[in-house]
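Chemist: Here is my input, please return the structure:
(one chain, ligands or ions: 3)
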Amino acid sequence: MGTIHVMEHPLIEHKLTLMRDKRTGTKEFRALLQEVAMLMAYELTRSLPLAEVTIETPVTNAQFRVIAGKTLALVPVLRAGLGMLDGILNLIPAAKVGHVGLYRDHDTLQPVEYYCKLPSNLQERDVIVVDPMLATGGSASAALTVVKRHGAVHPKLMVLVAVPEGIKKIQTDHPDVDIYTAAIDEGLNEKGYIVPGLGDAGDRLYGTF
Ligand SMILES: O=P(O)(O)OC[C@H]1O[C@H](OP(=O)(O)OP(=O)(O)O)[C@H](O)[C@@H]1O
Ligand SMILES: O=c1cc[nH]c(=O)[nH]1
Ligand SMILES: [Mg+2]
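Modeler: Ligands and ions are numbered 1, 2, ... in the order given. Predicted coordinates for the structure are as follows:
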C-alpha cells in the first residue's frame, strides 16, 4: 500500500489558508499556488538518493555528493495542475514535463481525457503526477493509469488538498502510489466539491467563473 505524506510546514499551511479564503483573487491565488508547490517539492525531494562524485576544487580533489539516478518527469493534470508546475521547476529546472488533459464531467463526476503528451522513456524516470485537488480521485487515478500505460513505474502523486474518498480511490486503483498532500479535508459535498476546500482550483487560477 502506498504511503500518505501530509506535508506539515508552517509556510505551506499559511499559504494554503490564504488560498482557501474566497476573497483571495486570481493573481494572488496563482502566486500562492506556485509558492506552495515549490515548498512541497522541497519536502518531497528530501528523500532523493545521492551519489558520490570527485570534484576538483581550486584547492584539491575531494569526494562530494550529487543527486543520483533517474531524472524526474513532472506530469501536471490540465488545467489546474499547470498552476503548480513553475513552482516545482524553480527547484528542479532539469525535470522533463508531460501533460495530461482531463476534466471532470459536471454531472457524472467522471474524468474525461482530452490531451496527452509525455516525455519518452518514462520507465527510466521518477514520475510525479501533479494536481491541486484530489476529490473523488477519478481524475488523479485516470492520470496515473495514463502515465503507467506509457511506462511509469511507481509514479508519485502530489496534490494540495485531498479528502479520504480520493485517497481511498487511489489506494484501491493504484496501491503502489505514494501520495503527497498539504492537507486532508473533511470530505465531499453533494456536488463533489471538497469541504471546506478552496472551490474550483482551475476556475480560481484562471478566473473562469
Ligand atoms: O478527484 P476528482 O473528483 O476527479 O476532482 C479533481 C479534479 O477536478 C479538478 O479539475 P477540473 O475537472 O475542474 O478541470 P480543470 O482543472 O480544467 O478546471 C482538479 O484540478 C482535478 O483534476
Ligand atoms: O473541490 C474541488 C473538487 C474538484 N475540483 C476542484 O477544483 N475542486
Ligand atoms: Mg476545474
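Chemist: Kindly tell me how buried K117 is, as a neighbour count.
Modeler: K117 has 10 neighbours, counted by other CB atoms under 10 Å. (Glycine included, C-beta is placed from N, CA and C.)
Chemist: For it, give its distance to V97.
Modeler: Using CB to CB, to the nearest Å, we find K117 at a distance of 9 Å from V97.
Chemist: Tell me the residues of the chain that contact ligand 1?
Modeler: 77, 79-80, 102-104, 109, 111, 131-140, 166, 192, 200-202 (CB under 6 Å from any ligand atom).
Chemist: Pull out the buried members of the residues you listed.
Modeler: Taking 16 or more other CB atoms under 10 Å as the criterion, what is buried in those is 77, 79-80, 102, 104, 111, 131-140, 166, 200-202.
Chemist: From V66, how far off is the residue of the chain most remote from its centre?
Modeler: Each residue of the chain has a distance to the centre, and by CA atoms, centre = their mean the biggest one is for V59: 41.8 Å. Applying CB to CB, the value for V59 to V66 is 19 Å.
Chemist: Out of the buried ones among the residues of the chain next to ligand 1, which sit inside helices?
Modeler: 138-140, 166, 201-202 (DSSP state H).
Chemist: Show the average pLDDT along the longest helix along the chain.
Modeler: Using DSSP H to define each element, the chain has its longest helix at helix 26-44. Mean per-residue pLDDT for helix 26-44: 97.
Chemist: residues in contact with the helix or strand just after it?
Modeler: Remark: after helix 26-44, the chain's next helix or strand is strand 50-56, criterion DSSP states H and E. Residues outside strand 50-56 that contact it (CB atoms under 8 Å, 6 or more residues apart in numbering): 61-69.
Chemist: In strands, which of those appear?
Modeler: 61-67 (DSSP state E).
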